[in-house]
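Asks: Below are the sequence and a predicted model; questions follow.
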Number of protein chains: 2
Amino acid sequence: MSMNRKRESTGFLIKQRAFLKLYILTSIEKERWYGMQLLEELKTAFKPFGYEPQHSEIYRALHDLLEDGILTRHKIVEEGAKYKEVVVYSIKDKETAKAYKKLVKADLDRGEQLLRKALQDNFS
Amino acid sequence: MSMNRKRESTGFLIKQRAFLKLYILTSIEKERWYGMQLLEELKTAFKPFGYEPQHSEIYRALHDLLEDGILTRHKIVEEGAKYKEVVVYSIKDKETAKAYKKLVKADLDRGEQLLRKALQDNFS
C-alpha cells in the first residue's frame, strides 16, 4: 500500500496522508459520505491542536483510497426541487480497509511511544 | 528559527529535523560532544521503535544548529601517539538553546495529543 512504500526510508512519524486516510475511512464506515463534508469537521476537530489539514491534502488522501481499491464512488441524484447529482463514497473492500486501519494503528502507537520517549529523554 | 518556518504550512506532527536537533542539543548539554558519536547511540535507541535516522539527516540537523547560532564548533588536538585534530561542538548560546527546546517540547506535547486523539477517534 502506498503508505508503506513512502515510509520505508526512515520510519519516522506517521505521514499526514495516512493520518487523513484513516479519518476518512472511519467516517465512511459510520455513514454514507458526501464528498468534502468531512473537511470542515476535521478542521474544527484539529484546531485546538494547531493542525489545519488542507483541502488538497484531503483530496489526495481520498484519491489514494480509491486507487488502493479500498473505496469506491458513485453518483446519486439528490432529492429536491432541482435535478442534482452528487458523488458519494463507500467502502469497496471491508477486509482491505480493516487491514489498512490495523497498519495505521500500529504506526500511531509507535509514534506515540516515540514522542513519549523524546519527552522523557530530553525533558526529565 | 528554521523549524518554525517549515512547519507553518499545516502544523501536523513535528519534523524529523527538529526531533534530531533536540536530541543533539540535549546530548551536547550533558557533555562535550565528538562529531558523530551520537549517531550510533540514536540508531540503537530508536531501533525498537522502527525508526532509523540517517547520517545525512543528522548532519543537516547539526548544520541547522550551527546556522541558528545555537551551537559552535572548534578543533581540538586529541591526546595520543599521533597528532590528530578532532572537531567538537558546544552550546554557543544557552538562552537560545533553552528557548528552542521549549518550542520543541510544546510541539512534542501537541503531537502526542494529536496521536492519542486519532487512536481514540478511530479505534474505540
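Replies: It's in.

Asks: Is chain B within reach of stretch A:50-65?
Replies: Yes - judged by C-beta under 8 Å from any C-beta of the partner chain, stretch A:50-65 comes into contact with chain B through A:50-54, A:57. Just so you know, the C-beta spots here come from the backbone N, C-alpha and C atoms, and that holds for glycine as well.

Asks: who in chain A is up against chain B?
Replies: By C-beta under 8 Å from any C-beta, the residues of chain A that approach chain B are A:9-14, A:16, A:19, A:22-23, A:25-26, A:45-46, A:49-54, A:57, A:101, A:104-105, A:108-119, A:121-123.

Asks: Helices of chain A, start to end?
Replies: Using DSSP state H, the helices found in chain A span residues A:2-7, A:16-30, A:37-46, A:55-67, A:94-122.

Asks: Most tightly packed of those helices?
Replies: Of the helices of chain A, the one with the most neighbours on average (mean count of other C-beta atoms under 10 Å in any protein chain shown) is helix A:16-30, at a mean of 20.

Asks: What are the contacting residues of it?
Replies: A:2-3, A:6-7, A:33, A:38, A:41-42, A:53, A:57-58, A:60-62, A:64-65, A:70-71, A:89-91, A:97, A:100-101, A:104, A:107-108, B:10, B:12-13, B:118, B:121-122 (C-beta atoms under 8 Å, 6 or more residues apart in numbering or on different chains).

Asks: Okay, angle between it and helix A:55-67 too, please.
Replies: Going by axes from the mean of the first three to the mean of the last three C-alpha atoms, to 10 degrees, helix A:16-30 is angled at 70 degrees with respect to helix A:55-67.

Asks: Just the CA trace of helix A:16-30, in CSV.
Replies: As requested, the backbone C-alpha atoms of helix A:16-30 are provided in CSV (Å, rounded to 0.1, in the frame of the first residue of the first chain):
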residue,chain,number,x,y,z
GLN,A,16,-0.1,13.2,7.2
ARG,A,17,-1.6,11.3,4.2
ALA,A,18,-2.0,8.1,6.2
PHE,A,19,-3.4,10.0,9.1
LEU,A,20,-6.1,11.6,6.9
LYS,A,21,-6.9,8.3,5.1
LEU,A,22,-7.6,6.8,8.5
TYR,A,23,-10.1,9.5,9.4
ILE,A,24,-11.8,9.3,6.0
LEU,A,25,-12.2,5.5,6.3
THR,A,26,-13.6,5.8,9.8
SER,A,27,-16.0,8.5,8.7
ILE,A,28,-17.2,6.5,5.8
GLU,A,29,-17.6,3.3,7.9
LYS,A,30,-20.0,5.2,10.1
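
Asks: Off-centre distance for it?
Replies: From the chain centre to the centre of helix A:16-30 is a distance of 3 Å (C-alpha atoms, centre = their mean, to the nearest Å).

Asks: same check, this time on stretch A:57-74
Replies: With C-alpha atoms, centre = their mean as the basis, stretch A:57-74 stands 9 Å off its chain's centre.

Asks: same thing with stretch A:114-123?
Replies: 27 Å.

Asks: for stretch A:24-42, same thing?
Replies: For stretch A:24-42, the distance to the chain centre is 9 Å (C-alpha atoms, centre = their mean).

Asks: which sections of chain A are below the confidence cut-off?
Replies: For chain A, the stretches flagged by pLDDT under 70 are A:1-10, A:32-36.

Asks: most centrally placed residue in it?
Replies: The residue lying closest to the centre of chain A (C-alpha atoms, centre = their mean) is residue A:21, at 1.9 Å.

Asks: State the distance from that residue to residue B:118.
Replies: Note on residue A:21: its distance to residue B:118, by C-beta to C-beta, to the nearest Å, is 11 Å.
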